[in-house]
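In: have a look; sequence and predicted model below, questions after that.
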Amino acid sequence: MSQTHSFTGWLLDLYLNQEQGLSLWFISADDDSRVCFGQRFPVSFYAAGPNETLRALWKTVSGRQGVLSLSRQRKRDVFEDQLLDVMAIKMESPASQIKLFHEIEEIFPDLTYYDADLTISTRYIARYGAFPLALCQLEVDQEGLIQSIQVLNDRWELLPELPPLRVLKICPDSDPTRGTVQSLLIHSDRFEQRLSLDSQGQYLQTLDQILADYDPDILVSDWGDSWLIPFLLKQSEETGVPLQLNRDTSRPVQWQNETTYFSYGHIIYRPEEAHLFGRCHIDRKAAMMWSDYSLAGTLEMARVTTLPIEKAARVSPGQGISAMQVITALEKDVLVPYQKRQFEEFKTGLQLIQSDRGGMVYQPIIGLHTDVAQIDFISMYPAIIILGNISPEVPLPNGLTPAHEDLGVVPLTLKPLYEKRVAIKQKIRTYPEKHPMVAHLKERAQALKWLLVVCFGFLGYKNARYGRIEAHEAVTRGGREVLLRAKDVAEEEGFEVLHMYVDALWVKKKGCNKPGHFTELIKKINHRTGLTINLDGVYRWVAFLPSKVDPRIPVANRYFGVFQSGEIKVRGLEARRRDTPVWIAGVQREMISLLGRACTPSELKSCLQDAFNCFQQALQDLKSGLIQPEQLVINGKVSYALEAYKASTASVRAARQMQAAGMAVKPGMRVRFVYTRGEPDVVAWDLGSRLEVDALDLDKYVELLIRAASSVLSPFGIPADILREWSLSEGLQLHLPATSYLEANEG
Amino acid sequence: MGRTIASITQTWQEEEAALNRFKRALRKDDQVLLDELLVMSRLHLAEASYASNLYPLDMYLIAILLEVYKQLKDTQRKLYNRDVLKDQARLEEEDVFLKLITNYLEISSERQQVEAPPQQKEHELQVAEIEAACAYTDFEEAP
Amino acid sequence: MEHDRSDSLTLFKMPLPPKRFLAIGTHALSNRMLQLISALALRQTVTVLDCGNRSNMYAVAKLIRPYTSDPVSVMNHIRLSRAFTCYQVLAMIRATAKNPPREPLVLLDLLATFLDEDVELKDSQRLLTHSLGILESMSHFAPVVISTRPIPAIAENRSVLLERLKASVEICWEEPLPLPADQERQLALF
């Protein structure tokens, strides 16, 4: 046996390597160096089916290159009661496994395959327990091949020892879809630099030098996938100035194809992705959840899901959960099916009506309410899945009591995730509010929250390997039961239930206006449901808004209010919608925050006047042409191919302009546009043409502003009609009318 | 996997649409009232969904009954309160009246005391006479 | 007989013989198929394999209401299962065939999942061939009624699936195509 040496470091990147099996990049714990090792990584996959077909398969694959062994084994399929006879095909490397599988799938399509399409990272963690940024102790031979690997920490550690990552940000100085980029801004913890783009490619030389000297682990870009990296590579080719973006210099940048997919009721378009070898590229504009949890959250996501960092930044949390479930199955030595074949169990017509239902969504009591507590169940659906042991392969509960002792794949996957999130949230409370750790931990908790949220949806997703419609229904059934129990307790305790929404209740009782007044209620609900409910806060006031179409009809998720802490909560209003122009969303937020200054109902009157003045000022600014077109861009969306649209919406008209200009329009793509006067009535923003304020259809924007303002003012008795009427009075400073709400409070 | 069973809101919309012809033929005032009834049924969509009855319309009708009954009770309560208030007001009026009389009597007696002390006996007598005149008398014993 | 009037709900003449029926039309003739399911459920057990999210049981409940005083029992005559991918459709048909029903079997919007562009056409074809083979053997015991919609223009390359389905049934009913608006039938003046 050849001599080995020890190495300790954090795993950064892992990918296929044709010769050795795998390439693994580590950050050394001893000297901060970045090192790449190889590792042989034989893998197995399985086939099940009629004996004669398996015999034919045996004949076909035996002796083929890369096949290490063929054997008959008895393994467990999660959906079968009995152990299954399978043919195990052991391959010398993941690359040869993928190749052979695609070949035999063509020849024997009717066999059932298992562990056939697993990612390397999934297989690796299942075998060695190593995940992105895991601290590992290795034994490496003289050829640089890993002979043994031991992981020194786990995915669930609360404050793991992390490597000092080198992060380099490269951002164009302007939106490349809107104009010409003049320079690139380079930023790291050590330096900041502006590189002006020149036709000879001198900036490429500087950039290449920076990459070589600083040697970043993570390259964060803006528009990296869609513009920056293609641009840099093209420039490098044209000018002949070499640019090495990868740390593994033997590789070119890898491109992952663009895709359109359906996720949680939305069609989503994901553009082409640029992946690097030996370091990670994260395009902030393509990272789905970047605005939600930034780098700390992305690394947490990679850690718990084991997805490579580049993937974890870009894919939906659903794919993360899916990877985690596969790991759970592999750790339990359960086969992972290639194609999901489970269909629904037979139901009667009546059972279908009873079971195909969502969460409890009540109609709130419209209007303004003071001293209201909002109490939420913490990750309600995941908690129900764990409490009720809801998993596709185990008997399901009819309520909340589990029907089976051993945790199934889904709750087994969720439990450590749920517990980690709770632990992080508890940890946050141990720091002072402004401590830098608080933001860091919050981002991580947010990433975990998303994983927990999508886990429920994944139970009902048609292609989810561990999805099952009955399990999905069992969770919503449990959710309804929990909420009704909570309602019962609240009413028994003399509270009025103003609203209930899936996992939250809004309650009030005379004399209860401090957090302590709700402690007993919370304790009793926890006891009655077996789940943990939490006081989200006590509102100074909260307004439940009616439907925009009919003011008599309440809408479940359209409200805003101010907690006693001064924190403002807004749901379902224009400011929360992605398509609302930035400026209008800002005005609405400002109006709410002005109202939020009122600590008592009596203070509301002056605050209401302030909010109203804010609207008037905004109206005046808009009419005077002070608001620039970029502030008024509407962020629309096309969900289908343009040919499929019969009616032409503003987004579709804008998308057609883009198509006519030779730009690709894909289903699920966001389409930015502004409303303009005359024909055409919209202009696609990304056409890049310069627009003057005069060209805008201001009447349209006035209407949008009025709608946003009336959402805020209507609970105080100022309807949209009045605002509309006043909007016609040129430049007149108006005073607030007497409103019924304030009169009542003054009386 | 998408939902197969129509959502409760969809079933409500279907039932509302089914009433279109009926509604169109109604007099305008009645159309407004029908609209108000339909709004009432919408206030209990969550409960109707939870009931998962074969015929959601049945639940909407019950919801309407519930809301109408609620309004009826509310009106009853208001009427009752108004009556109570009226009674109270009447009692207060009587109270005020009696106080006025008492005050008047007190003031006049004081004046008499100051101006003509010897007449006090006569005044007491007068009051006693009034009381005697108002005293209860059985019918049989009445003159 | 109380149930006899319910014959007016069906597309095919009742009682159905043990054969393979196919109905083609827009929305996979959802309403008419639900009428058929209602009429069958008023008489006997009916197995429904929903391959395209078409089993709106509220509609069935409404349809049976005039014909029965016990709608709950009638609804309980319906045994149904849903599949959301063509792999699941085949698995569902296979599972049904393990205990082939002696009563009618209705498959709603059979081809819906086979048109999914994420599944290669050759896989769709293979899975459909298997499915149709099993359905054929089941039709010896009880009627098998299949509904489907015309292949949309966007999936024209998959017309072969419909052709194969048509070739596999004994009785086929096709909804007459609506004339384009500008070619609406104009009666001759005289």
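Out: Noted; the coordinates are in hand. Numbering: from 1, shown residues only, chains lettered A, B, ... in the order given.

In: what about residue 22, helix or strand, and which?
Out: All of this is about chain A. Using DSSP states H and E, A:Leu22 sits in strand A:21-28.

In: you answered for a different chain; I wanted chain B.
Out: Going by DSSP H and E, B:Phe22 is in helix B:20-25.

In: what packs against the helix or strand following that helix?
Out: Counting by DSSP H and E, the next helix or strand C-terminal to helix B:20-25 is helix B:28-42. With contacts defined as 3 or more C-beta pairs under 8 Å, 6 or more residues apart in numbering or on different chains; DSSP states H and E, the packing partners of helix B:28-42 are helix B:8-18, helix B:56-115. Yep, even glycine has a C-beta here, placed from its N, CA and C like the rest.

In: buried sites along the helix or strand containing C:Ser131?
Out: In the assignment (DSSP H and E), C:Ser131 maps to helix C:121-138. Buried residues in helix C:121-138, defined by neighbour count with 16 or more other C-beta atoms under 10 Å in any protein chain shown: C:Asp123, C:Ser124, C:Leu127, C:Leu128, C:His130, C:Ser131, C:Leu132, C:Ile134, C:Leu135, C:Met138.

In: in the stretch 151-300 of chain A, where is pLDDT below threshold?
Out: For the stretch 151-300 of chain A, the stretches flagged by pLDDT under 70 are A:178, A:258-270, A:288.

In: any chance you could map the strands in it?
Out: Using DSSP state E, counting those that start in this stretch, the strands of the stretch 151-300 of chain A run over A:167-172, A:183-187, A:192-196, A:218-221, A:254-256, A:259-263, A:266-270, A:273-275, A:280-283.

In: of all these, which lies closest to A:Ala585?
Out: Of all the strands of the stretch 151-300 of chain A, strand A:266-270 sits nearest to A:Ala585, with 19.6 Å by C-beta to C-beta.

In: what parts of chain B come near chain C?
Out: Within chain B, the positions lying close to chain C (C-beta under 8 Å from any C-beta of the partner chain) are B:Met1, B:Gly2, B:Arg3, B:Thr4, B:Ile5, B:Ala6, B:Thr11, B:Leu54, B:Tyr55, B:Pro56.

In: identify the residues contacting A:Phe377.
Out: Counting by C-beta atoms under 8 Å, 6 or more residues apart in numbering or on different chains, A:Phe377 touches A:Ala383, A:Val482, A:Ala486, A:Asp503, A:Ala504, A:Thr529, A:Leu531, A:Thr532, A:Ile533, A:Asn534.

In: what about residue 88, neighbour count?
Out: All of this refers to chain A. 16 (other C-beta atoms under 10 Å in any protein chain shown).

In: meant chain C, my bad for not saying
Out: 24.

In: with the one 5 residues further on instead?
Out: Other residues within reach of C:Ile93, judged by other C-beta under 10 Å, total 24.

In: ok, A:Gln363 touching B:Ala48?
Out: No. Contact between A:Gln363 and B:Ala48 fails when scored by C-beta atoms under 8 Å: they sit 10.8 Å apart.

In: so if I had to pick from these two, which one is more boxed in?
Out: B:Ala48 (22 against 19).

In: tell me the contacts of the residue lying closest to the more buried one once chain neighbours are set aside?
Out: Using C-beta to C-beta, 6 or more residues apart in numbering or on different chains and skipping the chain neighbours, the partner closest in space to B:Ala48 is B:Met59 (3.8 Å). Counting by C-beta under 8 Å, 6+ apart, B:Met59 touches B:His44, B:Glu47, B:Ala48, B:Ala51, B:Asn53.

In: among those residues, name the buried ones.
Out: Buried among the contacts of B:Met59 (16+ other C-beta under 10 Å): B:His44, B:Glu47, B:Ala48, B:Asn53.

In: ok, back up a step: now the contacts of B:Met59 as CSV including distance to A:Thr60 and pLDDT?
Out: Below are the contacts of B:Met59 laid out as CSV (distance: C-beta to C-beta, whole Å; pLDDT from 0 to 100):
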residue, distance to A:Thr60, pLDDT
B:His44, 64, 95
B:Glu47, 61, 96
B:Ala48, 59, 95
B:Ala51, 58, 95
B:Asn53, 57, 94
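
In: with respect to C:Arg20, which of these is nearest?
Out: Nearest to C:Arg20 among those, with distances taken as C-beta to C-beta, is B:Asn53, at 36.3 Å.

In: hmm, back to that, between the contacts of B:Met59, which sits nearest chain A?
Out: Here the nearest of the contacts of B:Met59 to chain A, counting by C-beta to the nearest C-beta, is B:His44; it sits at 7.4 Å.

In: give the contact list for that closest one.
Out: Contact analysis of B:His44 by C-beta under 8 Å, 6+ apart lists A:Gln363, B:Met59, B:Tyr60, B:Ala63, B:Leu66, B:Glu67.

In: for A:Pro172, same thing?
Out: Contacts of A:Pro172 by C-beta under 8 Å, 6+ apart are A:Val181, A:Ser183, A:Leu184, A:Leu185, A:Asp222, A:Trp223, A:Trp227, A:Leu228.

In: quick one: the residue nearest the centre of chain A from B:Arg27, how far?
Out: Nearest to the geometric centre of chain A sits A:Met289, at 4.6 Å (C-alpha atoms, centre = their mean). For A:Met289, the distance to B:Arg27 equals 56 Å [C-beta to C-beta, to the nearest Å].

In: same thing with B:Tyr104?
Out: From B:Tyr104 to B:Arg27 the distance is 60 Å (C-beta to C-beta).

In: tally of neighbours for the residue in the stretch 351-500 of chain A that chain C sits nearest to?
Out: With C-beta to the nearest C-beta, the shortest gap between the stretch 351-500 of chain A and chain C falls at A:Lys462, namely 3.7 Å. Close neighbours of A:Lys462, defined as other C-beta under 10 Å, add up to 18.

In: surely it and C:Thr85 touch.
Out: Yes. Assessed by C-beta under 8 Å, A:Lys462 is found in contact with C:Thr85 at 5.6 Å.

In: what do these two both touch?
Out: What both A:Lys462 and C:Thr85 touch, as defined by C-beta under 8 Å, 6+ apart, is the set A:Lys340.

In: doesn't A:Trp541 lie inside a strand?
Out: Yes. The assignment for A:Trp541 is a strand, going by DSSP: H, G, I helix; E, B strand; the rest coil.

In: the nearest residue to the residue of the stretch 351-500 of chain A closest to chain C once chain neighbours are set aside in helix, strand or coil?
Out: Closest residue in space to A:Lys462, ignoring its immediate chain neighbours: C:Phe84 at 3.7 Å, by C-beta to C-beta, 6+ apart. Under three-state DSSP, the three-state class of C:Phe84 is coil.
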